[in-house]
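J.: the amino acid sequence is not available; the structure is as follows:
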């Protein structure tokens, strides 16, 4: 499927600079693009590629000023990266039409009413009392337990498991292998040294427009609910323990672990492999670098790195100091020897 620069500009509200009839049929990175591809320039460190790229079309910011001739046709937009994401979404829908219908064999418990536009894949299971919204897609081998609620337009990908009583909002995406509502890690030590399992009788509430990555686990609450607030995006292989709360529009990269009853605020950006202690509070608009350890409360607006995490500026300064420790020890050793010789 081909689109001209004029057609693309019309879709995204952009302004064409160059040949409006040039046509593209694929997407590519700016340094690897071919004449049939559209690409984008968002990060300034890639600017030099725009003068050598073979791409047919490049999305650039409206205020981009070329310092050298550019052979590609430009489409000027407010935000090239966001514009590219919209175009990719459009292309994905065209290339992969949404499935419909109820495939067999699948199991839908008696009394569960499915809207006409719902898709249920082969070997999927929908338990008693489940409530499924309009346009929901439940892919093969997914498990939807008793009493689960799934809002309009949500997608449950293959092999995802949603335990009983959990609630999924509208337009959510639960990626393959994710587990929503498994028991929280609750055990009480006993006098003989063994552990008694504490029943986990709460649920998980996932609000609207949340994405849960592949093989990520969100544990049900001991009591009450574990909550993932609207618009949050969780990468693959994340653990959100019982009674945690992750705030609206917070994004968390892979392999992060959030211990029980920790509360993370809204609009936070958290790198991969970050560890949060339990029963702490992290404020809004907090940025945390990868592999940081968060042992205590964090004020809103903080930028942290390291283990235990410290302000990012301090961490970078410490890293420079560590690099020079060997030289420092040599200097101290020489000074001590010189001092002894003077005696």
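T.: Received the coordinates, thanks. Every value quoted in this text rests on a predicted model; they were computed, and no experiment measured them. Residues are numbered from 1 along each chain as shown.
J.: remind me which residues of the stretch 201-343 of the chain are low pLDDT?
T.: Applying pLDDT under 70 to the stretch 201-343 of the chain picks out residues 343.
J.: give me the next element, helix or strand, following the host helix or strand of residue 321.
T.: Element membership for residue 321 (DSSP states H and E) is helix 312-323. Where DSSP H and E defines the elements, the next helix or strand beyond helix 312-323 is helix 325-342.
J.: burial of the nearest residue to residue 25 once chain neighbours are set aside, as a residue count?
T.: Spatially, and ignoring its direct neighbours in sequence, residue 25 is nearest to residue 2 (4.7 Å; C-beta to C-beta, 6 or more residues apart in numbering). No exception for glycine: its C-beta is placed from N, CA and C like everyone else's. Neighbour count of residue 2, defined by other C-beta atoms under 10 Å: 9.
J.: please look at residue 2 and residue 21 and confirm they touch.
T.: No - taking contacts as C-beta atoms under 8 Å, residue 2 lies outside contact range of residue 21: 11.0 Å.
J.: can you give me the buried ones in the helix holding residue 321?
T.: 312, 315 (16 or more other C-beta atoms under 10 Å).
J.: which residues sit against that helix?
T.: 287, 289, 303-306, 309-310 (C-beta atoms under 8 Å, 6 or more residues apart in numbering).
J.: how about the helices of this structure, start to end?
T.: All helices of the chain, identified by DSSP state H, fall at 5-12, 80-95, 312-323, 325-342.
J.: now those as CSV including distance to residue 187?
T.: Formatted as CSV, the helices of the chain follow (distance: least, C-beta to C-beta, whole Å):
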stretch, distance to residue 187
helix 5-12, 53
helix 80-95, 43
helix 312-323, 35
helix 325-342, 43
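J.: which one of those helices lies closest to residue 195?
T.: helix 312-323 (37.4 Å; C-beta to C-beta).
J.: from the chain's centroid, how far away is that closest one?
T.: Centroid separation for helix 312-323 versus its chain: 28 Å, with C-alpha atoms, centre = their mean, to the nearest Å.
J.: go on, stretch 195-210?
T.: 20 Å.
J.: pull out the buried positions in stretch 115-129.
T.: By neighbour count on 16+ other C-beta under 10 Å, the buried set for stretch 115-129 is 118-121, 123-127.
J.: show me where pLDDT drops low in the stretch 1-150 of the chain?
T.: Checking the stretch 1-150 of the chain against pLDDT under 70 turns up nothing.
J.: what about 90?
T.: 1, 90-100 (pLDDT under 90).
J.: these two touch, right, residue 183 and residue 219?
T.: Yes - using C-beta under 8 Å, residue 183 is in contact with residue 219, at 6.7 Å.
J.: which neighbours do the two have in common?
T.: Common contact partners of residue 183 and residue 219 (C-beta under 8 Å, 6+ apart): 200, 242.
J.: of those two, who's got more company?
T.: residue 219 (26 against 15).
J.: quick one: contacts for the more buried one?
T.: Contacts of residue 219 (C-beta under 8 Å, 6+ apart): 181-185, 200, 204, 226, 239-242, 244.
J.: please apply the same query to residue 54.
T.: 33-35, 72.
J.: what's stretch 155-167 in contact with?
T.: 121, 127, 136-150, 168, 172-182, 203-206, 214, 220.
J.: how long is that stretch end to end?
T.: Distance across stretch 155-167, first residue to last, is 13 Å (C-alpha to C-alpha, to the nearest Å).
J.: could you do stretch 278-286 as well?
T.: By C-alpha to C-alpha, one end of stretch 278-286 lies 17 Å from the other end.
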